[in-house]
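Trainee: Okay, predicted coordinates and the sequence, questions at the end:
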Amino acid sequence: MIANDMSPSERLNAQVMHLLSGVSEHGDQHLAEVERDLVQMDVLLDEAIKKLCASFMAIHHAVDLQQEALDGLLGDGMQSPESVARIEALRGEIRQHVGAAVTGLQFQDMTSQLIGRMVQHLAGLRDVFGALDTSESVLPESNNEVLLATLSHISDRVGACCTERAGGVRSTVNQRHMDSGDIELF
Amino acid sequence: MMKTILAVDDSGSLRQMLSFSLKAAGYGVIEAVDGQDGLNKAKQHQVDLVLTDQNMPGMDGLSLIKALRGLKNYQSVPILMLTTESGDDIKAMGRAAGANGWLVKPFDPARLTEVVKKLIG
């Protein structure tokens, strides 16, 4: 609270403390929201991939059975060569699409790693906002030295947060598309 | 006799796709959820090839490879790393640990089985 009967110096000190507390509180609130959304997104992606994989397996099984039935029909030799060729071509097409689907269905492995990394970075940023919090600090008196000492203390806390996470979280996913990756045999 | 592959990855969907692709190519597959689980299963079953992810909770892929190479019956078994990582440094570490190859995710099932076939038939 900044009272009207304060001296200009006291008002300045109080304003600085108020500003820092506000940035700390609101910054943390926004980051908490982002973190919650990211975690929810991860859960939804996890559930989506489970359903996609289950459906993919079921479709593949059904197509296998259908191809077996077609093989049975082709075995009687009553089909025209054109029909046989057409069915063989379709079989090749299905194989290609299955391969592409298997590659595409690996997206969640990468997205979950990226989300995990984002959440860790957010935690680091929330620590920094926490270090800015001045709500428990005693309002400095009109002496600017006290304000400077308080700001220096806050700066040390922020520095400590940054040092703690200096190594950061190593990036493990650099893929920018879902084409299959390189293969190297040693 | 059917060749068996140990697939180690903490991602359930990735294990499912690996298992699907390798079984379709005629291989038996044992799944493990992380490095420690992979090491335990490798001790329980003698497999013909190991395919492992790098970044997993607990024991990672590099540690698993080192542990496997320390076992007498896994000194010459092919081990492939299948990971999102593609940096030269980590590849060199994989090679030094005893990996026989490096596959960057996502994998294409036809190319994967081609490599596996080349190594274990």
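Mentor: Done, it's in. Numbers count the residues shown, from 1 in each chain, chains lettered A, B, ... in the order given.
Trainee: does residue 92 sit in a helix or strand, and which one?
Mentor: Answering for chain A, as no chain was given. Counting by DSSP states H and E, the secondary-structure element that holds A:Gly92 is helix A:81-104.
Trainee: Chain B was what I was after
Mentor: Per DSSP H and E: B:Ala92 is located in helix B:88-97.
Trainee: And that helix, what's buried?
Mentor: For helix B:88-97, the buried set under the neighbour-count rule, 16 or more other CB atoms under 10 Å in any protein chain shown, comprises B:Ile90, B:Lys91, B:Met93, B:Gly94, B:Arg95, B:Ala97. To be clear about C-beta, it is placed using only N, CA and C from the backbone, and glycine gets the same treatment.
Trainee: Now do the contacts for the third one.
Mentor: By CB atoms under 8 Å, 6 or more residues apart in numbering or on different chains, the residues touching B:Met93 are B:Leu62.
Trainee: How about the last one?
Mentor: Contacts were defined as CB under 8 Å, 6+ apart; by that measure B:Ala97 touches B:Leu62, B:Ile65, B:Lys66, B:Arg69.
Trainee: Out of those residues, flag the one nearest to chain A.
Mentor: B:Ile65 (11.7 Å; CB to the nearest CB).
Trainee: For the closest one, give its distance to B:Lys43.
Mentor: B:Ile65 sits 15 Å away from B:Lys43, taking CB to CB, to the nearest Å as the criterion.
Trainee: if we can go back for a sec, just after the helix holding A:Gly92, pick out the following helix or strand.
Mentor: In the C-terminal direction, the helix or strand that comes right after helix A:81-104 (DSSP H and E) is helix A:107-132.
Trainee: Just want the phi and psi numbers for A:Glu184.
Mentor: Here the main-chain torsion angles of A:Glu184 (degrees, to the nearest 10) amount to phi -130, psi 120.
Trainee: Name the nearest residue to it, sequence neighbours excluded.
Mentor: Taking CB to CB, 6 or more residues apart in numbering or on different chains, and ignoring the residues beside it in sequence, A:Glu184 has B:Trp102 as its nearest neighbour in space, at 4.7 Å.
Trainee: ok, residues contacting the host helix or strand of that neighbour?
Mentor: Per DSSP H and E: B:Trp102 is located in strand B:101-104. The set of residues that contact strand B:101-104 without belonging to it, under CB under 8 Å, 6+ apart, is A:175, A:181-186, B:51, B:78, B:80-86, B:91, B:94-95, B:112, B:115, B:119.
Trainee: Show me what secondary structure element comes after that strand.
Mentor: Per DSSP H and E, the helix or strand that comes after strand B:101-104 is helix B:109-120.
Trainee: what are the bridge partners for the closest residue to chain A within chain B, then?
Mentor: Among residues of chain B, the one nearest chain A by CB to the nearest CB turns out to be B:Val104. It sits 2.8 Å away. Counting by DSSP bridges, B:Val104 forms beta bridges with B:Thr83.
Trainee: What number of residues are in the vicinity of A:Arg91?
Mentor: Summarising burial for A:Arg91: neighbours were counted as other CB atoms under 10 Å in any protein chain shown, giving 13.
Trainee: For it, give me its contacts.
Mentor: Counting by CB under 8 Å, 6+ apart, the residues that A:Arg91 touches are A:Gln67.
Trainee: And it, what's its pLDDT?
Mentor: Per-residue confidence (pLDDT) for A:Arg91: 89.
Trainee: Wait, A:Ser21 touches A:Asp133, no?
Mentor: Yes. Assessed by CB atoms under 8 Å, A:Ser21 is found in contact with A:Asp133 at 6.2 Å.
Trainee: give the contact list for A:Leu20.
Mentor: With CB under 8 Å, 6+ apart as the criterion, the residues that contact A:Leu20 are A:Leu132, A:Asp133, A:Thr134, A:Ile154.
Trainee: For these, give me TSV that also has neighbour count and pLDDT.
Mentor: Converted to TSV, the contacts of A:Leu20 look like this (neighbours: other CB atoms under 10 Å in any protein chain shown; pLDDT from 0 to 100):
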residue	neighbour count	pLDDT
A:Leu132	20	83
A:Asp133	17	81
A:Thr134	21	73
A:Ile154	19	84
